[in-house]
Structures are given as C-alpha cells and as structure tokens.
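Q: Predicted model follows, preceded by the sequence.
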Amino acid sequence: MNILKKEENKMRRNLDEILDYERCKERTEKSRYFTEIFFEKYPTKYKELLENYESVDFLKNTVCKYIDNYGFEDYVVIYNLELKNERIEKEYNVITDIIEEIEEDLEDLEDCKNSKFKDSYKDDIEQLEKDLEIFPNIEDMIPIYGESGVYYIYFNKITGGIELIDLGDMDFRNKKLASSFDEFIENLYIR
C-alpha cells in the first residue's frame with residue numbers, strides 16, 4: 001500500500017470517528033468562499049469538507065484541543081461548521097455590527113474624554129480599544145461557525161489558521177485553535 005493510500009485511510013478513519021454523517025448537509029450551491037483560488041492559497045487534505053458541504057456536523061462531545069495563551073492545553077466544544085454562503089454572510093454582518101457598536105461606544109466615550117469626568121471613562125476607553133484589537137479586519141476572515149454575539153470560529157486568511165473570538169462576559173479574547181484547517185480537523189476528538 002503506498003503512502004498516499006495510507007494517508008487517505010488515516011484521514012477517513014479520523015473523519016468517521018468525529019463526523020455525524022446523518023446531519024451533514026451537502027451543498028446545494030457552489031461556495032463563494034471556498035473556491036479553487038482559496039484552495040491554491042490554503043491547500044488542505046480535507047478539501048471535500050469545505051467544498052462539498054454547507055454544514056459539517058460533529059458527533060456529540062467533539063472538542064478541539066489547542067494550546068492557550070499561557071502554554072496550557074485546553075479545548076473548545078465544536079458542534080458543527082456552517083459553510084453555507086448565506087450563513088457566512090450573516091455572521092459577517094453580525095460581526096460588523098459588533099465592531100461598529102464598539103466603535104460608536106468608543107467615539108461617545110472619546111467625546112467625554114474632554115469633559116471634567118474624563119478620568120472616570122479611562123478604563124472603559126482602554127477596554128473598548130482592547131476589544132477592537134481582538135477582531136481581525138473583516139475581509140481577512142471567513143466565519144465557519146458562530147453563536148451570534150457569543151463566539152465565532154473563523155478561518156484567518158492572513159495566517160491560514162483557525163481562530164476563535166470569544167465574546168463571553170464582555171472580556172473579548174482571541175484564541176488560535178490551529179495553524180491550518182488540517183491541524184484543526186486533526187485536533188478534534190470525542191471527549
């Protein structure tokens with residue numbers, strides 16, 4: 001058996017262990033995001049997941065293992081990947097709305113900065129500036145899963161990695177889940 005066949009068998013076995021094939025939905029229209037140009041720039045052995053499915057559902061208790069900002073192993077539960085054109089565009093719109101709201105809040109507080117109460121707004125201004133830094137430029141990401149207003153898993157078009165923006169408790173965090181889509185899929189397991 002040649003090396004390519006062994007790799008294909010390994011990949012298939014891994015997908016069989018984590019995918020809920022009954023709930024996965026095949027594409028009804030071609031992806032506007034996962035195109036040949038995309039795959040030339042970000043080659044992946046899991047191309048068929050991005051190219052052929054609009055929803056990739058995982059078995060219950062599937063998690064992605066990653067290394068947190070402090071060097072410790074952590075995990076995040078992964079329910080599915082939403083790859084349908086309309087869903088990606090909806091998440092783009094929600095993320096854009098969140099960014100615009102933060103920018104408006106920051107602008108309002110900046111106006112207060114010149115008032116006699118400027119010191120009382122200093123921490124709020126710093127927090128909003130920090131929150132804005134969490135989000136990459138919207139054109140540099142492809143949201144592949146989102147719990148609107150809670151967290152987003154996205155493909156970073158600058159690094160080729162898979163990242164997570166966690167908006168929990170108004171303490172926004174950006175976590176790198178994997179350096180590539182292949183690594184992301186290979187880091188999934190049933191907990």
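A: On my side now, so go ahead. Residues are numbered from 1 along each chain as shown.

Q: where exactly do the helices run in the protein?
A: Ranges of helices within the chain are 3-18, 36-41, 47-52, 85-113, 118-134, 181-186, based on DSSP state H.

Q: Which one, of the ones you listed, ends up nearest to residue 26?
A: helix 47-52 (6.1 Å; Cβ to Cβ). Quick note: C-beta positions are derived from backbone N, CA and C, even for glycine.

Q: quick one on the thing from earlier: can you tell me which of the helices of the chain is packed in deepest?
A: Across the helices of the chain, averaging neighbours per residue (mean count of other Cβ atoms under 10 Å) puts helix 181-186 on top, at a mean of 20.

Q: What is the burial count for the residue lying closest to residue 150 once chain neighbours are set aside?
A: By the measure of Cβ to Cβ, 6 or more residues apart in numbering, the closest residue to residue 150 outside its immediate chain neighbours is residue 167, 5.9 Å from it. Using other Cβ atoms under 10 Å, the number of residues around residue 167 comes to 19.

Q: What of residue 141?
A: 21.

Q: Does it touch residue 157 like I think?
A: Yes. In this structure, residue 141 is within contact of residue 157 by Cβ atoms under 8 Å, at 6.4 Å.

Q: Which one, of the helices of the chain, ends up nearest to residue 162?
A: Nearest to residue 162 among these is helix 181-186 (4.1 Å), distances taken as Cβ to Cβ.

Q: what packs against the closest one?
A: If you count contacts as 3 or more Cβ pairs under 8 Å, 6 or more residues apart in numbering; DSSP states H and E, helix 181-186 packs onto helix 3-18, strand 162-166.

Q: ok, now with 10 Å
A: helix 3-18, helix 47-52, strand 62-67, strand 80-82, strand 151-156, strand 162-166, strand 173-178 (3 or more Cβ pairs under 10 Å, 6 or more residues apart in numbering; DSSP states H and E).
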